[in-house]
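K.L.:
Here's my sequence, what's the structure:
(chains A, B, C and D)
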2 protein chains.
Amino acid sequence: MAPEAKAALFDQFALVGKAFANGRRAELVDVLAQGERAVEALAGQIDQSVANTSQHLQVLARAGLVRSRREGNRVLYRLADEQVEALWETLRAVATANVSGVHQAAEEYLGDREGLEQVSRDELARRLGEGALVWDVRPASEYEAGHIPGAISVPPDEVQRRLDDVPDDVEVVAYCRGRFCVYADAAVRALVAAGRRAVRLDEGFPEWRRAGLPVAVGTD
Amino acid sequence: MAPEAKAALFDQFALVGKAFANGRRAELVDVLAQGERAVEALAGQIDQSVANTSQHLQVLARAGLVRSRREGNRVLYRLADEQVEALWETLRAVATANVSGVHQAAEEYLGDREGLEQVSRDELARRLGEGALVWDVRPASEYEAGHIPGAISVPPDEVQRRLDDVPDDVEVVAYCRGRFCVYADAAVRALVAAGRRAVRLDEGFPEWRRAGLPVAVGTD
DNA sequence: CAACTATTCAAGCAAATTCTTGACAATCAA
DNA sequence: TTGATTGTCAAGAATTTGCTTGAATAGTTG
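P.N.:
Purely as a prediction, here's the structure:
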């Protein structure tokens, strides 16, 4: 049995590992899990040059994780399929459970989550039924591409303006891109500071969609 | 919001990607999915020097994918938890679906699978009930560490000797380490060449165990 | 204790990765 | 067509990775 043939096969598997072997590419996958994006927008999100971003996208494309299509002037990238999202989700879970540095880095990025109440999907569904207000704290374009039915769009930079729309006796559940997304944390903190009651969904919209739960599209 | 803090967090996630970014490390994870192993044995499996293998294992350990314990003068490595297995399984699935080179490399390693019948877990369970013979074509130590109840151990190098034990009218279902494991393929081909009926389980023992199906331990 | 086995460590070198810069290509708008 | 926008390509420098070799460490055996 040729050991080189076995090595060659596993080298192919490793291509997918290589795709996730860089923090910037991981960020790209995370953003693309929200939907299609042009190169320049992606470059902005990961704080890198357009040229570098383009090259990272090609590494992802060679590993089959993303596909692209041209629309006029721009090239739009998207994740290849749902399995890629599942892989990214599992990878984050493994890292969270086993890489010691994740907790410190997460606290550095998100701040101390002590005292920030988180609820599960089931709990959110229950509270929706009880008249809770659900805030989708992502950029408006992501909300329009798909959101939890019943949620209203409150983009990150509008949170302050909308604090007064919330009655004192209504609890807000905020969600955004995922477990490690800052927007919902910031919204909950702002709401609590303004004397309202607020909690965040423990995960994000991609996980909700992947779980097969209902999704609303458009501006509602 | 500090972009360096976000980058640092995703760099932590990327550590797990880096762990899978090398074919030899992927092979290590694949072997470890069968159970605990000492460094020297692992080195043999991946056809590398002990020193190099040790270093790869430390990369895996830093990413939290493996743990080790000393037993006498040997150090035994094992996967950190079931999630790591799940991650490896998903990664292979993504690669199989999206990396074009996988199919060619797999054929190079496994040979043409045209005409090699594969059955699912459910189908194997059904056939077990109907009196089919199930062969566990892995080294005896792996069989003893855990196998499908009702399966008998037929290590790779004993396949030829055991061909005559199989009655003409009984079908054999062979399985080994996983979808890309050669042992079951070889056994099925040998059986068919000897005029017996034989098929292989489409996946391997780790997937069976991970699915929560019953497992037998020992020599039966 | 010395000799032996199994593993890790450290140094070194070739190859790969990551980012930068500037040139080039495709599309759109005027 | 010209100019502006958006993305890719190519070359190069700094860093990291992957493997080798030989020495060092931990534990066992005689």
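
K.L.:
can we go C-alpha only for contacts and neighbour counts from here?
P.N.:
Will do.

K.L.:
Please tell me how far A:Arg78 sits from A:Ala97.
P.N.:
28 Å (CA to CA, to the nearest Å).

K.L.:
With neighbour numbers in mind, choose between these two.
P.N.:
A:Arg78 (22 against 16; other CA atoms under 10 Å in any protein chain shown).

K.L.:
my read is the more buried one is in a strand, agree?
P.N.:
Yes - A:Arg78: assigned to a strand according to DSSP: H, G, I helix; E, B strand; the rest coil.

K.L.:
if I pick the nearest residue to it once chain neighbours are set aside, what's in contact with it?
P.N.:
Once flanking residues are discounted, A:Arg78 sits nearest to A:Glu36: 4.6 Å by CA to CA, 6 or more residues apart in numbering or on different chains. Shown in contact with A:Glu36 (CA atoms under 8 Å, 6 or more residues apart in numbering or on different chains): A:Leu76, A:Tyr77, A:Arg78, A:Leu79.

K.L.:
Give the rounded mean pLDDT of stretch A:137-155.
P.N.:
Stretch A:137-155 shows a mean pLDDT of 92.

K.L.:
scratch that, stretch A:161-174
P.N.:
89.

K.L.:
what residues does it touch?
P.N.:
A:124, A:131-137, A:154, A:184, A:187-188, A:190-191, A:194-201.

K.L.:
repeat that for 10 Å
P.N.:
Defining contact as CA atoms under 10 Å, 6 or more residues apart in numbering or on different chains, one finds that stretch A:161-174 is touched by A:117-119, A:123-124, A:127-128, A:130-138, A:151-152, A:154-155, A:183-188, A:190-202, A:204.

K.L.:
ok, A:Gly204 - how many residues close by?
P.N.:
Neighbours of A:Gly204 under the rule other CA under 10 Å: 21.

K.L.:
these two touch, right, it and A:Tyr175?
P.N.:
Yes - contact between A:Gly204 and A:Tyr175 holds when scored by CA atoms under 10 Å: they sit 5.9 Å apart.

K.L.:
Spit out the residues that contact those two alike.
P.N.:
A:Asp136, A:Cys181, A:Ala184.

K.L.:
check contacts around the last one.
P.N.:
What that stands for is A:Ala184. A:135-138, A:156, A:159, A:173-178, A:190, A:198-204.

K.L.:
Tell me the buried residues in stretch A:105-121?
P.N.:
If you call a residue buried by 16 or more other CA atoms under 10 Å in any protein chain shown, then stretch A:105-121 has these buried ones: A:Ala105, A:Ala106, A:Glu108, A:Tyr109, A:Leu110, A:Gln118, A:Arg121.

K.L.:
Can you tell me which residue sits nearest the middle of chain A?
P.N.:
A:Arg177 (3.0 Å; CA atoms, centre = their mean).

K.L.:
Can you give me the pLDDT of the residue lying closest to that residue once chain neighbours are set aside?
P.N.:
Closest residue to A:Arg177 apart from its sequence neighbours, by CA to CA, 6+ apart: A:Gly204 at 4.5 Å. pLDDT, A:Gly204: 95.

K.L.:
need the contact list for A:Gly204.
P.N.:
A:Gly204 makes contacts with A:Gln34, A:Arg121, A:Asp136, A:Ala174, A:Tyr175, A:Cys176, A:Arg177, A:Gly178, A:Arg179, A:Phe180, A:Cys181, A:Ala184, as judged by CA under 10 Å, 6+ apart.

K.L.:
Mind doing that once more with 7 Å?
P.N.:
Applying CA atoms under 7 Å, 6 or more residues apart in numbering or on different chains to A:Gly204 gives the contacts A:Tyr175, A:Cys176, A:Arg177, A:Gly178, A:Arg179.

K.L.:
All the strands of chain A, in order from the start?
P.N.:
A:37-38, A:66-71, A:74-79, A:118-119, A:133-136, A:152-153, A:171-175, A:197-201 (DSSP state E).

K.L.:
Show me the one of those strands that comes nearest A:Arg210.
P.N.:
Closest to A:Arg210 of those, according to CA to CA: strand A:74-79, at 13.3 Å.

K.L.:
next one: phi and psi at the residue nearest to A:Arg78?
P.N.:
Dihedral angles of A:Glu36 (phi, psi; degrees, to the nearest 10) stand at phi -60, psi 140.

K.L.:
What distance do you get for it to A:Gly131?
P.N.:
32 Å.

K.L.:
Could you do A:Ser54 as well?
P.N.:
In terms of CA to CA, A:Ser54 sits 45 Å off from A:Gly131.

K.L.:
quick revisit: near DNA strand D, which of the contacts of stretch A:161-174 show up?
P.N.:
Among the contacts of stretch A:161-174, no residue sits close to DNA strand D (CA under 7 Å from any atom of the strand).

K.L.:
Show me the domain layout of chain A.
P.N.:
A:3-85, A:109-210 (automatic domain parsing).

K.L.:
on that earlier part again, could I get the shared contacts of A:Gly204 and A:Tyr175 as a markdown table with distance to DNA strand C?
P.N.:
Shown next, in a markdown table, are the shared contacts of A:Gly204 and A:Tyr175 (distance: CA to the nearest atom of the strand, whole Å):
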| residue | distance to DNA strand C |
| --- | --- |
| A:Asp136 | 30 |
| A:Cys181 | 21 |
| A:Ala184 | 27 |
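
K.L.:
of all the residues you listed, which comes closest to B:Gly218?
P.N.:
A:Cys181 (47.2 Å).
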